[in-house]
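Student: My questions concern the predicted model and sequence given below.
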Amino acid sequence: MTYDYDDRDSTQLRGALDETDMANQLEMVANRIRKNLRKLKKPFEQQNIDVFRLYDWDIPEIRLVVDWYKGHLVVGEYQRQQTDGIEDWLPRMAEATASAINVPKENLHLKSRKTGGGNPGSRYERLGKNTEPMVVQERDLKFLVNLDDYIDTGVFSDHRNTRKEIRKISEGQRFLNLYAYTGTFTCAAVAGGAIASTTVDLSNNYLGWAEQNFSLNELPDGPHAFIKSDCLDFLFKAHREKKSWDLCVLDPPSFSTQHGNSSGFDILRDHPKLIEATISVMAPGGKIYFSTNHQRFTPRFGGLRCESIEEITHRTVPQDYRNKKIHQCWCISL
């Protein structure tokens, strides 16, 4: 799932950098990283949280994101023309970041993204191979991450508050996780007492990863299914078979070419149909947590067959995502 940030402060981002500009940027980002680590590291350690956002495009002209993974840094550049004049802009930024807080170079992991959604299939695009996975902690849950082989690492830390909320309300529930990726929401729900779970994704690789996360947390046995399917196809089939669930997380990609029809999936165009299909398999009184990270998303919720829709983004975005609306989230009650 690629983040689709809009062009914030674009007037400050035009034109190529020279070496003087670059030196100034390196100093600014190093100072900010030191400040942020002093502020964030201890509170997250006290909560037993290994993954958090250390730099969130804090300085408008430095389009960088830096995530902390238990002593490793994942450094991402949102590519724009202003970095073209400087050779190795991203590695130099990453090295300045690591040097500022004494992280060894072997613990640096670089990512490069493009604004506007990029390749629609990039969520499933493999970048490298044979990188050893690492276990990270989120409170009392454990997740496997891979910091090099894919565009995303295996855990979306911007949803740690959402996982906490799902866990609180999952006792006795039949839980459905759509576009499940590595199954972190499933782990949270079952740890919270969900009596059954269904985890759906189109990727065999990520479903296997989800099962590994499930086993890693030594969760109780029960009717827990991991299903490879296009989610809309799954929902239509489940509706025909009169299956139902009590609690659902629906977190689709912004774009995908991996759907069964030739037009693929576009969140702006297709979210009403997707939400309606999800509603059709929910039990009376059920809840759907619908989320998107498309930055230009405009909800079209009129006519949905539900009791209420509440935007809960203010609850679900964590404190370390300071400068952008990393996602939007709604609770749909039936």
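Tutor: Great, that's in hand.

Student: CA atoms for contacts and neighbours, from now on please.
Tutor: OK.

Student: how does this protein divide up, domain by domain?
Tutor: Using automatic domain parsing, the domains assigned to the chain come out as 10-118, 134-333.

Student: Those domains into CSV, with extra columns for mean neighbour count and mean pLDDT?
Tutor: As requested, those are exported to CSV (neighbours: other C-alpha atoms under 10 Å; pLDDT from 0 to 100):
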stretch, mean neighbour count, mean pLDDT
domain 10-118, 17, 85
domain 134-333, 18, 95
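
Student: In PDB, list the C-alpha atoms belonging to stretch 293-306.
Tutor: Extracted C-alpha coordinates of stretch 293-306, given in PDB (Å, rounded to 0.1, in the frame of the first residue of the first chain):
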ATOM      1  CA  ASN A 293      -4.700   6.500   3.300                       C
ATOM      2  CA  HIS A 294      -5.700   8.200   0.000                       C
ATOM      3  CA  GLN A 295      -5.000  11.900   0.800                       C
ATOM      4  CA  ARG A 296      -7.600  13.200  -1.600                       C
ATOM      5  CA  PHE A 297     -10.400  10.800  -0.500                       C
ATOM      6  CA  THR A 298     -13.900  12.300  -0.500                       C
ATOM      7  CA  PRO A 299     -16.400   9.900   1.200                       C
ATOM      8  CA  ARG A 300     -19.600   9.100  -0.600                       C
ATOM      9  CA  PHE A 301     -21.500   7.400   2.200                       C
ATOM     10  CA  GLY A 302     -25.000   8.500   1.200                       C
ATOM     11  CA  GLY A 303     -27.500   5.700   1.000                       C
ATOM     12  CA  LEU A 304     -25.500   3.200   3.000                       C
ATOM     13  CA  ARG A 305     -27.700   0.800   4.900                       C
ATOM     14  CA  CYS A 306     -26.400   1.500   8.400                       C
END
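
Student: neighbouring contacts of it?
Tutor: Stretch 293-306 is touched from outside by 3-6, 253-254, 267-268, 271-272, 275-276, 279, 325-328, 332-334, with contacts defined as C-alpha atoms under 8 Å, 6 or more residues apart in numbering.

Student: So which of those residues belong to helices?
Tutor: I267, L268, H271, P272, I275, E276, I279 (DSSP state H).

Student: got those as JSON lines, with distance to L108 columns?
Tutor: Shown next, in JSON lines, are the ones in helices among the contacts of stretch 293-306 (distance: C-alpha to C-alpha, whole Å):
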{"residue": "I267", "distance to L108": "33"}
{"residue": "L268", "distance to L108": "35"}
{"residue": "H271", "distance to L108": "37"}
{"residue": "P272", "distance to L108": "40"}
{"residue": "I275", "distance to L108": "39"}
{"residue": "E276", "distance to L108": "43"}
{"residue": "I279", "distance to L108": "43"}
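
Student: Just flag the most distant two among these.
Tutor: L268 and I279 (18.3 Å; C-alpha to C-alpha).

Student: How far away from the center of its chain is the biggest strand by length in the chain?
Tutor: Longest strand of the chain, by residue count under DSSP state E: strand 282-292. Computed by C-alpha atoms, centre = their mean, to the nearest Å, the chain-centroid distance of strand 282-292 equals 19 Å.

Student: Would you mind putting the CA coordinates of that strand into PDB?
Tutor: Output in PDB follows, covering the C-alpha atoms of strand 282-292 (Å, rounded to 0.1, in the frame of the first residue of the first chain):
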ATOM      1  CA  MET A 282     -22.400  -8.100   8.800                       C
ATOM      2  CA  ALA A 283     -24.700  -9.300  11.600                       C
ATOM      3  CA  PRO A 284     -27.200  -6.800  13.100                       C
ATOM      4  CA  GLY A 285     -25.400  -4.600  15.500                       C
ATOM      5  CA  GLY A 286     -22.100  -5.200  13.900                       C
ATOM      6  CA  LYS A 287     -19.300  -2.600  13.300                       C
ATOM      7  CA  ILE A 288     -17.100  -1.900  10.300                       C
ATOM      8  CA  TYR A 289     -13.800   0.000  10.700                       C
ATOM      9  CA  PHE A 290     -13.200   1.500   7.300                       C
ATOM     10  CA  SER A 291      -9.900   3.200   6.600                       C
ATOM     11  CA  THR A 292      -8.000   4.800   3.700                       C
END
